[in-house]
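Trainee: I'll drop the sequence and a predicted model, then ask my questions.
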Amino acid sequence: MTEPLLRVRGLTKHYGPRLGCAEVSFDLDPGEVLAVVGESGSGKSTLLSLVATELAPDSGSVGYRMRDGVTRDLAALGEAERRALLRTDWGFIRQDAALGLRMAVSAGGNVGERLMGKGDRHYGRIRGTALDWLAKVEIAPDRIDDPPSRFSGGMRQRLQIARNLVTEPRLVLMDEPTSGLDVSVQARLLDLIRGLVAELGLAVVIVTHDLAVARLLSHRILVMRAGRVIETGLTDQVLDDPAEPYTQLLVSSVLAA
Amino acid sequence: MTAPRQADPGYNFAYLDEGTKRMIRRAILKAVAIPGYQVPFASREMPMPYGWGTGGVQVTAAILGRADVLKVIDQGSDDTTNAVSIRAFFARTAGVAVTTRTADATVIQTRHRIPEAPLHAGQVLVYQVPIPEPLRFLEPRETETRQLHALAEYGLMHVKLYEDIARHGHIATTYAYPVEVAGRYVMDPSPTPKFDNPKMDDCPALQLFGAGREKRIYAVPPHTRVRSLDFEDHPFRVQRFARPCALCGAGDVYLDEVLLDDAGGRMFVCSDTDHCEGRRQAAGDAR
């Protein structure tokens, strides 16, 4: 058995007297998709921010197996190393595309930023790669010089995906990537994400309140309530045969179309 | 050259008090030690508004000695308001000799140009800088830009150049063109035309940059590598002019467009007035 890609142990975060999340542990293997579900305020986003090292935990650790095969504690990485990891080997798809994109910079510039950050200095090649990625996320090539402020919500999310995947990361964190989009756009986006995840063998942690998204994308599921993980298991198992009363409530609350 | 004269006794030499000058000199020394790095300093109120060269004036005041010969230029010209008043300011408060000739000056304070005549060792070029942070328009947070400098994460700077090419087909930034200093820090050369960027590279004179409002000093020591950022397939190029200077005929200089009348009449003349006059004088002598 190989080492997991991501190893989260006992992550705990308090916001003053209030609990963000407590004692969350999980492993994530390469190519595995883990959904974190729960209602608003259950600590899902806090967990994701802790994993992404955007927040410092009160206790607990996040270990990541680097490309050289050595698992390192992210808190022990130097700032330069941590940032380099985040912008090449990781991706972060945010709920609000305006936070994940540079809204005043063209689509091509948005996709090319990580390449230029990595040291690419050939305009033609950067643009070529950007065009490839725009095609992969179904954005028309003639939109490459438009800024995302002129894109629809669905297109912005797809552009965010291209911007994050251009450096071929191994781990992508997604925070409610489909919320706020209408159902047909959601369906296309999910289809795209599922295709890319399978094609590139990405490991994904996806935070969502939408159980349908979890069922469609994830292999495993982690149910959170009031900052704690209350149930975990294979997605089908948890959704078809929930053990915890709260999970049963969540599953039975889904509206059938 | 106007000879030194008695300074106004109501002021300390070169206006600033000695404590302030020491504080500024410490910042300058640090800036010289770390080429291209923006050193914060306690910028003072000067008897002129921000944007008129308060940073440059403070640097000049801190380095000026009694034997120095001062030249002040504004967009290459010695006779515009900003240049004339700063020159008069130091003639009055420091009593130093002033000149318009580049070769005679030991300290040259400049707004947005580097003189055409090559600078020599021993000279100091003091730039007035409005916005010292080259990353500012892409990253508004000062905490973040400092982090980017500290980690030498300059991908963002190339995003700006990428946007230029995507929009205009070539790098359309013509002034304040970002440079990499001594292979480390990316620096804003102040709003000089990019025509002047090559002059900064391996320059025998010391180059000091003062930003009064933003309270930053940075420096390029003599003979330091200054490289303009570019792409492999879109290399850095300076602008070329179709015609030579209408007055002196120089073809290798930066030109200003001067409107002559309301009927569309215009001419292109040297932006460096001293250089132009020198050439015309030399041509007149030869005749």
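Mentor: All right, it came through fine.
Trainee: any idea how far A:Leu159 is from A:Val238?
Mentor: Per Cβ to Cβ, to the nearest Å, A:Leu159 is found 32 Å from A:Val238. From N, CA and C alone the C-beta is placed, and that goes for glycine too.
Trainee: and if you look at B:Leu260?
Mentor: As judged by Cβ to Cβ, B:Leu260 and A:Val238 stand 82 Å apart.
Trainee: out of these two, which sits in the busier spot?
Mentor: When B:Leu260 is set against A:Val238 and neighbours are counted by other Cβ atoms under 10 Å in any protein chain shown, the residue ahead is A:Val238, at 26 against 9.
Trainee: Contact partners for the residue of chain A found nearest chain B?
Mentor: In chain A, the residue that lies nearest chain B is A:Gly117 (3.0 Å; Cβ to the nearest Cβ). By Cβ atoms under 8 Å, 6 or more residues apart in numbering or on different chains, A:Gly117 lies in contact with A:Arg87, A:Thr88, B:Glu153, B:Gly155, B:Leu156.
Trainee: Check what contacts the strand or helix carrying A:Arg125 and list those residues.
Mentor: Taking DSSP states H and E as the criterion, A:Arg125 maps to helix A:123-136. Residues outside helix A:123-136 that contact it (Cβ under 8 Å, 6+ apart): A:107-108, A:111-112, A:115-116, A:120, A:140-141, A:143-144, A:159, A:162, A:165-166, A:196, B:162, B:165-166, B:231-234.
Trainee: Kindly report the same for stretch B:29-40.
Mentor: By Cβ under 8 Å, 6+ apart, the surrounding residues in contact with stretch B:29-40 are B:27-28, B:132-133, B:149, B:180-182, B:184-187, B:206, B:208-209, B:215-221, B:224.
Trainee: Pull out the buried members of those residues.
Mentor: With burial judged by 16 or more other Cβ atoms under 10 Å in any protein chain shown, the buried subset of these is B:27-28, B:132-133, B:149, B:180-182, B:185-187, B:206, B:208-209, B:215-221, B:224.
Trainee: Sitting in helices, which of the residues you listed do you find?
Mentor: Using DSSP state H, the members of these that fall in helices are B:Ala27, B:Ile28, B:His149.
Trainee: with those in mind, which one is nearest to A:Arg72?
Mentor: Nearest to A:Arg72 out of these is B:His149 (Cβ to Cβ; 25.7 Å).
Trainee: quick one: contacts for the closest one?
Mentor: B:Tyr37, B:Gln38, B:Leu135, B:Tyr185, B:Val186.
Trainee: Model confidence score at the first one, please.
Mentor: Reading off the per-residue confidence, B:Tyr37 sits at a pLDDT of 97.
Trainee: Check the fourth one too.
Mentor: Predicted confidence (pLDDT) at B:Tyr185: the value is 97.
Trainee: May I ask which helix or strand encompasses B:Met23?
Mentor: helix B:18-33.
Trainee: avg pLDDT for that helix?
Mentor: Rounded mean pLDDT across helix B:18-33 is 98.
Trainee: Buried by neighbour count: which residues of it qualify?
Mentor: Of the residues in helix B:18-33, B:Thr20, B:Lys21, B:Met23, B:Ile24, B:Ala27, B:Ile28, B:Lys30, B:Ala31, B:Val32 count as buried by neighbour count, 16+ other Cβ under 10 Å.
Trainee: swap in stretch B:1-19?
Mentor: Buried, per 16+ other Cβ under 10 Å, within stretch B:1-19: B:Pro4, B:Ala7, B:Phe13, B:Ala14, B:Tyr15, B:Leu16.
Trainee: residues near the residue in chain B that chain A sits nearest to, how many?
Mentor: Taking Cβ to the nearest Cβ as the measure, chain B has B:Gly155 as its residue closest to chain A, at 3.0 Å. Neighbours of B:Gly155 under the rule other Cβ under 10 Å: 18.
Trainee: Run through the residues that contact it.
Mentor: So B:Gly155 contacts A:Glu113, A:Arg114, A:Met116, A:Gly117, A:Lys118, A:Gly119 (Cβ under 8 Å, 6+ apart).
Trainee: Burial check on the first one, number of neighbours?
Mentor: Okay, so that is A:Glu113. 24.
Trainee: Also the third one?
Mentor: Here the number of neighbours of A:Met116 (other Cβ under 10 Å) works out to 22.
Trainee: helix or strand for it, which one?
Mentor: With DSSP H and E as criterion, A:Met116 is part of helix A:107-118.
Trainee: by how many degrees do that helix and helix A:123-136 diverge?
Mentor: Counting by axes from the mean of the first three to the mean of the last three Cα atoms, to 10 degrees, helix A:107-118 points 120 degrees away from the direction of helix A:123-136.
Trainee: Helix A:107-118 - what's its average pLDDT?
Mentor: 95.
Trainee: Enumerate the residues of the stretch 51-200 of chain B near chain A.
Mentor: B:138, B:147, B:151, B:153, B:155-156, B:158-159, B:162-163, B:165-167 (Cβ under 8 Å from any Cβ of the partner chain).
Trainee: Buried by neighbour count, from the residues you listed: which ones?
Mentor: Using 16+ other Cβ under 10 Å, the buried ones in these are B:Leu138, B:Glu153, B:Gly155, B:Leu156, B:His158, B:Val159, B:Tyr162, B:Glu163, B:Ile165, B:Ala166.
Trainee: Could you give the backbone dihedrals for residue 71?
Mentor: Using chain A here. For A:Thr71, the backbone dihedrals (degrees, to the nearest 10) come out as phi -80, psi 130.
Trainee: that's the wrong chain, I meant chain B
Mentor: Residue torsions, per degrees, to the nearest 10, at B:Lys71 are phi -130, psi 140.
Trainee: ok, and the closest non-adjacent residue to it?
Mentor: Leaving aside its chain neighbours, B:Lys71 sits nearest to B:Ala105 (3.7 Å; criterion: Cβ to Cβ, 6 or more residues apart in numbering or on different chains).
Trainee: tell me the contacts of the one you found?
Mentor: So B:Ala105 contacts B:Val69, B:Leu70, B:Lys71, B:Thr99, B:Gln123 (Cβ under 8 Å, 6+ apart).
Trainee: Which ones among those map onto strands?
Mentor: B:Val69, B:Leu70, B:Lys71 (DSSP state E).
Trainee: low pLDDT regions in chain B?
Mentor: Within chain B, the stretches with pLDDT under 70 are B:287.
Trainee: in it, which spans are strands?
Mentor: B:39-40, B:69-74, B:97-98, B:107-111, B:124-128, B:179-181, B:185-187, B:206-211, B:216-220, B:226-228, B:255-259, B:266-270.
Trainee: roughly how far is the third one from the heart of the chain?
Mentor: In terms of Cα atoms, centre = their mean, to the nearest Å, the gap separating the centre of strand B:97-98 from the centre of its chain is 19 Å.
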